[in-house]
Each structure stands twice: as C-alpha cells, then as structure tokens.
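K.L.:
make a model of this:
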Amino acid sequence: MASKLATPVDARSLHDSALYLSRELSQLDFNFRVLAQAYNADIPLLERLRYMCISCTNLDEFFEIRAGRIRHAEHLEMAAGSDGRTYSTLIKQIHARAAELVQDQYDCFYNALKPALLDCGINLPEHDQWTDAQRNWLRKYFREQIMPVLSPLGLDPAHPFPKILNKTLNVVVVLEGRDAFGREGHLAIVRAPRSLPRIIRMPDADGDGEKFHDFVFLSSVLSAFVDEMFPGMRVKGAYQFRVTRNSELIMDDDDVDNLAHALRDELVGRGYLRAVRLELEEDCPPDIAQMLLQKFELTDNAVYRIKGPVNLNRVDQVYDLVNRPELKFPPMHPRQMDTENLFETIRKSDVLLHHPFDAFTPVPELVRQAAMDPNVLAIKQTLYRTGKDSPIVDALIHAARNGKDVTVVVELLARFDEEANLGFADRLQEAGVQVVYGVVGYKTHAKMMLIVRRENGKLNRYVHMGTGNYHAGTARLYTDIGLMTCHPEITEDVHQIFQQLSGLASEVKLKRLLQSPFSLHSGLLERIEREADHALAGKQGHVIAKMNALNEPNVIRALYRASQAGVKIELIVRGACTLRPGVKGVSENITVRSIIGRFLEHHRVYWFANDNTPEIFCSSADWLERNLLRRVETCFPILDKKLAKRVFDETLANYLADNTQAWALMPDGRYERLEPQTGQTPHSAQNTLLSKTD
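P.N.:
This next block holds a predicted model:
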C-alpha cells in the first residue's frame with residue numbers, strides 16, 4: 001500500500017519538539033481529571049471518595065514506574081525524548097506538577113469530602129477531635145491490638161537505620177532521656193507492619209452502626225500513643241513518613257536462562273529498590289528531613305510535605321466498611337446471553353461482547369464447555385492478568401486433566417501481577433498444561449484464545465479475542481470489546497501467532513490480523529497515509545481511534561501529515577497523549593478528548609473511512625512505542641457488518657457525542673471539561689450504554 005502523499009512541509013519540521021507534549025506530565029494530568037470526579041456532587045459520595053483514592057494510587061504507580069525510569073535515564077545521561085526536555089528539567093517539572101496534585105488531593109479530602117462524609121454520619125476525626133470515650137477506647141485498642149506487633153528501633157551504632165519497605169507507613173520519633181541501659185535517646189523508627197489495618201473503626205457512641213460510623217487512621221493512633229512505646233523517655237516529636245521505590249523489574253534478556261527462576265529472584269528484592277519519592281509530615285524539622293533524604297539517597301525535589309496522613313489512599317477502605325447503598329453507584333446488571341451451546345452459537349454468527357455492559361460469563365463458560373466437550377482436542381490461550389481464583393484457570397486445569405492438549409502463554413512480567421502469575425503458572429503445569437512464557441524481551445500482551453474441535457470428521461477452530469484481560473473482576477470495571485468467531489482466516493491467523501509464541505516459527509504474513517511487533521505499526525501507518533491520499537484526491541479522509549495512551553512518534557507524525565492533507569482525525573485517548581492537537585498548519589484537523597466516568601475506559605478501537613469502505617479494528621494495543629514495537633499484540637477486524645456498526649456506534653460515535661464526562665485537549669496541553677452548549681442535550685457515553693442493560 002504505497003503512499004502517494006507528497007509531504008506538505010519539510011519533514012524535519014514535524015520533528016520539532018514544540019509539537020510534542022511530555023508523556024509523564026500528560027499522565028499526571030490524567031490524575032487531575034480523575035480527582036475532578038471527587039468534587040462532582042452528581043456522583044454518589046463514597047464513589048467520590050474512591051475517585052480521590054484512585055488518583056492517589058495512580059500517583060504511587062507513576063512514581064514506582066515512570067519516575068523511577070526517568071531518574072534512571074537522567075543518571076545514565078540519556079538523550080531527551082520527542083518533546084525536547086532534558087531529564088533533569090523533566091524531573092523538576094514532575095515534582096512541581098505532582099506537588100500540585102498532592103495539594104489538591106488533600107484539599108479535596110479535608111475541604112470537600114470529609115465535611116460531606118460527616119454530614120452523612122461518616123466521621124474521621126483528627127486526634128485532637130476525639131472524645132474522651134474515643135481516646136480511652138483507642139488507647140486500649142493500641143495497647144492490646146497494635147503495640148504487641150510493633151518493634152520500635154532506637155537508632156545507635158548497634159541499631160543502624162533499617163531497611164524501609166516500599167510504600168509502608170513509618171514514624172520517626174525524636175526522644176530525650178536515657179533508657180534502661182543508660183543509652184542517650186535521640187531517634188527511633190516505628191514501622192507499621194502490613195498486618196495492621198490502616199483504617200480502624202471505632203464503636204458507635206449512638207449504637208446505630210447502620211447510619212453513623214467513626215473511623216481513624218492507624219497513623220493517627222501511632223502518633224497519639226507513641227509515648228507508650230518508650231516508657232521513661234520524653235517524646236519531643238513524632239513524624240510520619242513513607243518512601244516510594246522504583247518497582248520496575250529489569251532483567252538482562254541475554255542473561256536469563258530460566259525466566260521464572262530469574263523473576264522469583266528479582267521479586268525478593270523489589271520492595272527495596274532505589275527510592276524515588278519521600279512523603280513526609282508537614283511539620284517534620286529540617287534536620288530530620290535531611291537525615292531521611294540522605295538515608296534514601298534523595299534530593300529535595302523528591303520530597304513531598306504532607307498535611308495529613310501520608311497514606312491517604314488507605315481511606316478507600318471506608319468504602320467497603322460502610323454499608324450505605326445510597327452513597328454508592330446503583331448495582332448494574334449486565335446483559336446476559338444464552339450460553340447453553342456456545343460452539344453452535346458461534347457457528348451461526350460472530351458474537352460481540354461489550355464489557356461491562358455485556359456479562360463476561362460467556363468467556364469462562366466457553367473454556368468450561370471446551371474442557372467438558374469430548375470433541376475438543378486442544379485449547380490455547382494467552383494470560384496476562386487473571387485475578388485470584390480465576391474460573392478460566394480452573395477450566396484450563398480441568399481440560400488438561402480431561403486429556404485435552406492445553407497450551408497457555410503466561411506473561412510473567414505483567415507489572416505487579418508477577419507473583420500471582422508465577423503461582424497460577426505452577427498450578428497449570430502441575431495439572432499437565434504446557435506453559436510457555438512467550439518471548440523474552442517482548443511482553444505477550446495479546447488477549448486471545450483458540451479452541452480446536454472435531455466436527456463431522458474435520459477440525460474446526462474457534463477463537464475469542466479481546467481488548468482486555470481474561471479477568472472477571474476488571475471486566476466489571478473496565479470497558480472492553482470481546483469477539484468470538486470461527487472465521488477461518490482469523491482462526492488461522494491466531495493459530496500462526498500461537499505457533500510463533502510456543503515454538504520457533506519465523507514471521508508469517510497474516511491474512512486478517514495485524515500483529516506487533518511485526519505488522520501492526522506499519523499497518524497503522526499505511527492506513528493513515530491512505531486516508532491522506534484520499535483527502536488529497538478530493539475524497540473523504542477520516543480517522544477515528546480510541547485508546548488508553550498515545551506517544552509513538554512515527555504514528556504522530558503520520559497523523560500530523562494526514563491532518564495537513566485535510567484528513568479529519570478524532571482521537572479518544574483516556575490517559576497520556578503526547579500529540580498536540582489544533583496547531584495551525586500541522587494539526588488543525590485533529591481533536592483529542594478523554595472520557596472519565598464510572599468505568600475505566602480501556603477498549604482500543606481504530607476506524608478508517610477508506611473511501612466509503614470503512615475498516616474497523618479492535619486491539620489489545622495502545623499507540624505507544626512499547627505496544628507497537630516491543631510487545632506481542634493483536635489487532636483484529638470486525639468483519640460482520642452489523643457488529644462493525646455496533647462497535648462504531650457504541651465505542652466511537654457514542655463517545656464523540658459525550659458532553660458531560662469528556663475533556664478536550666487544548667493546543668497548549670491543558671484539558672478543558674466539556675459541557676452541553678445552549679440547546680444541546682446532555683449526553684454521557686457510559687450512561688447511554690448503561691441504560692441499555694437489564
């Protein structure tokens with residue numbers, strides 16, 4: 001598909017760093033949009049509390065992954081990215097933007113959420129607001145339930161500064177006096193074991209536990225009764241702190257003989273990798289702060305002064321501790337399909353599932369039916385994240401024990417799920433499943449299942465492919481598309497990809513699918529250029545794409561060139577986006593919007609007008625460098641015209657019409673909340689889809 005597009009401007013101009021936003025700063029901005037949900041009075045109160053906590057946990061993960069990587073790049077003096085920032089400059093900007101986000105999170109909690117919670121009978125009093133009865137109860141609770149598991153450590157030559165585990169709650173205590181051995185008190189560290197609850201529910205004074213609830217942070221209890229841990233000493237101060245460490249596991253691809261063994265070794269030390277952030281109570285004295293910075297080998301641009309508990313995200317536990325349905329989203333009832341004989345259903349026509357609006361149950365049910373069916377000979381599946389007690393893993397084990405040939409490609413390096421994946425990989429192997437770990441150096445992020453079944457004397461294949469993981473929990477919280485089909489060319493393509501992953505097959509030309517790291521990147525570029533050629537020829541040029549993130553420079557430059565040629569480009573990008581829309585002469589025909597709602601937007605859908613013969617694809621891949629060039633990903637077409645229209649209407653047109661939960665990316669990198677204009681009917685994409693469920 002050679003392009004006839006003549007470059008409208010000198011190609012070097014599209015490399016201008018001014019045309020690119022920072023991925024890291026864009027990712028931080030996403031969390032401001034999440035936090036905005038916590039201020040939205042139209043959302044149930046406990047859901048607003050959860051949004052605030054999500055912004056906090058997202059920020060934790062940002063520092064564990066992105067910030068750690070940036071500091072590593074700065075240390076190695078690596079070249080700047082497409083946006084032209086040096087890494088030292090980027091670190092300063094990250095600190096400033098993250099500090100602003102932290103300030104907003106605590107302002108939201110103390111000035112918006114906490115008063116609203118109190119109005120609803122949910123009280124989180126500070127220690128100076130405790131009643132005498134509460135203080136007495138908490139002192140007893142501290143003595144009986146907390147202090148027996150604490151091991152305060154006085155710092156001296158025999159007790160050096162301890163190793164501090166990633167994201168754990170700690171208190172540095174300043175002491176005065178001499179202990180029983182005559183040692184002069186100075187500093188001590190109190191570490192809160194993970195076994196202790198971070199949110200403690202106090203007895204209800206009015207005896208009505210259904211309507212009134214009193215909670216307290218463990219950190220407040222530790223600070224209030226810290227003196228009881230040091231009898232005979234005078235406590236001059238106690239200051240909470242929490243350190244965040246780089247959690248990116250880095251293994252040398254050329255030096256890994258056994259990936260599972262190497263990963264187990266790496267996981268042992270993950271919690272003690274290089275520190276990247278220090279959260280510190282606001283009134284901690286400068287000398288104590290400097291001591292902590294030196295111990296963690298950090299500089300001032302890594303410290304965040306906190307006015308409140310350093311583990312604010314732990315207030316999320318209140319959501320589950322309070323039985324107040326009126327303060328939560330009403331339960332949804334996803335559409336159910338007839339799953340009595342899924343093979344017969346799929347033979348009649350392709351099946352499209354739009355989660356969470358369609359139930360996820362047909363997917364594990366398909367595996368279960370395959371495990372029980374005497375005509376099924378083989379099952380092959382990729383697993384990236386599955387969740388605890390996965391029915392799919394159970395069904396695969398059952399299939400192997402029933403004599404089926406079962407092959408599972410387990411991605412061990414699924415971030416933060418590595419240990420769980422090692423565990424279920426062991427279970428699968430013990431049951432006789434052939435477990436492979438994909439290709440070292442390329443994460444297997446594709447979501448696909450292949451079932452081989454004997455029918456009327458010949459072998460037929462059935463496939464499920466999706467944009468999301470085989471995880472029943474996230475299927476209730478994330479928007480994703482799944483396709484079940486027995487289309488011979490699609491099933492043959494999936495077979496070929498499994499051959500690559502489990503064997504040593506060379507690259508093959510697929511008939512219907514696009515695949516990273518081989519044909520997906522080039523296939524996207526060719527289709528974008530084709531739209532530009534159509535526009536230059538006076539025809540319609542139009543691209544609509546929905547994804548989680550966008551930063552691949554060659555794809556962005558192709559979009560810029562297409563925009564210059566007159567192609568209308570509408571992008572729905574939930575999170576980080578480094579493309580700068582609306583730049584005169586470059587991206588005037590490009591718009592970017594982000595949707596933040598009840599469910600996490602997760603499906604990836606690409607649509608190309610193709611001169612009135614549109615193509616629509618669903619994919620496991622975002623338009624990120626890693627997904628297009630360094631991962632195993634799949635991109636599958638929706639060939640059934642009715643299903644293709646449904647995907648377009650529900651995931652693209654529906655979201656482009658959203659004017660209540662959408663944010664538009666401005667040319668300067670800011671996001672502006674969209675609101676219905678005069679005469680416009682309010683439209684929420686997610687609520688529209690919810691209204692069609694049972």
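K.L.:
I451 is in contact with I379, isn't it?
P.N.:
Yes: counting by CB atoms under 8 Å, I379 is a contact partner of I451 at 5.4 Å. To be clear about C-beta, it is placed using only N, CA and C from the backbone, and glycine gets the same treatment.
K.L.:
the more surrounded of these two?
P.N.:
More crowded of I451 and I379, by other CB atoms under 10 Å: I451, with 29 against 25.
K.L.:
and that one, what are its bridge partners?
P.N.:
Counting by DSSP bridges, I451 is bridged to I379, Y462.
K.L.:
and the longest helix along the chain, what other elements does it pack with?
P.N.:
Determined from DSSP state H, the single longest helix within the chain is helix 87-107. If you count contacts as 3 or more CB pairs under 8 Å, 6 or more residues apart in numbering; DSSP states H and E, helix 87-107 packs onto helix 23-38, helix 45-62, helix 68-75, strand 303-306.
K.L.:
ok, now with 10 Å
P.N.:
Packing partners of helix 87-107 (3 or more CB pairs under 10 Å, 6 or more residues apart in numbering; DSSP states H and E): helix 23-38, helix 45-62, helix 68-75, strand 275-281, strand 303-306.
K.L.:
tilt between it and helix 45-62?
P.N.:
Here the directions of helix 87-107 and helix 45-62 differ by 160 degrees (axes from the mean of the first three to the mean of the last three CA atoms, to 10 degrees).
K.L.:
specify the angle between helix 87-107 and helix 23-38 in degrees.
P.N.:
Using the same axes, to 10 degrees, helix 87-107 lies at 10 degrees relative to helix 23-38.
K.L.:
convert the next helix or strand after helix 87-107 to CSV, retaining C-alpha atoms only.
P.N.:
Downstream of helix 87-107, the first helix or strand assigned by DSSP states H and E is helix 114-119. Taking Å, rounded to 0.1, in the frame of the first residue of the first chain, the C-alpha atoms of helix 114-119 are listed here in CSV:
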residue,chain,number,x,y,z
LYS,A,114,-14.6,15.0,54.9
PRO,A,115,-17.3,17.5,55.6
ALA,A,116,-19.7,15.8,53.2
LEU,A,117,-19.0,12.4,54.9
LEU,A,118,-19.6,13.9,58.3
ASP,A,119,-23.0,15.3,57.1
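K.L.:
list the buried residues in helix 114-119.
P.N.:
Residues of helix 114-119 classed as buried by neighbour count (16 or more other CB atoms under 10 Å): 114, 117.
K.L.:
do stretch 479-493 as well
P.N.:
The neighbour-count check on stretch 479-493 (16+ other CB under 10 Å) flags 479-487, 490-493 as buried.
K.L.:
mind checking which of these are in helices?
P.N.:
490-493.
K.L.:
can you give me the helices for the stretch 301-450 of the chain?
P.N.:
317-321, 342-348, 362-372, 391-401, 418-430 (DSSP state H, counting those that start in this stretch).
K.L.:
need the ones you listed in CSV (columns: distance to F329).
P.N.:
Listed next are the helices of the stretch 301-450 of the chain as CSV, based on distance: least, CB to CB, whole Å:
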stretch, distance to F329
helix 317-321, 11
helix 342-348, 30
helix 362-372, 24
helix 391-401, 25
helix 418-430, 27
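K.L.:
pipe those helices into a markdown table and attach mean pLDDT and distance to C618 per row.
P.N.:
Shown next, in a markdown table, are the helices of the stretch 301-450 of the chain (pLDDT from 0 to 100; distance: least, CB to CB, whole Å):
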| stretch | mean pLDDT | distance to C618 |
| --- | --- | --- |
| helix 317-321 | 95 | 32 |
| helix 342-348 | 98 | 17 |
| helix 362-372 | 98 | 15 |
| helix 391-401 | 95 | 20 |
| helix 418-430 | 83 | 24 |
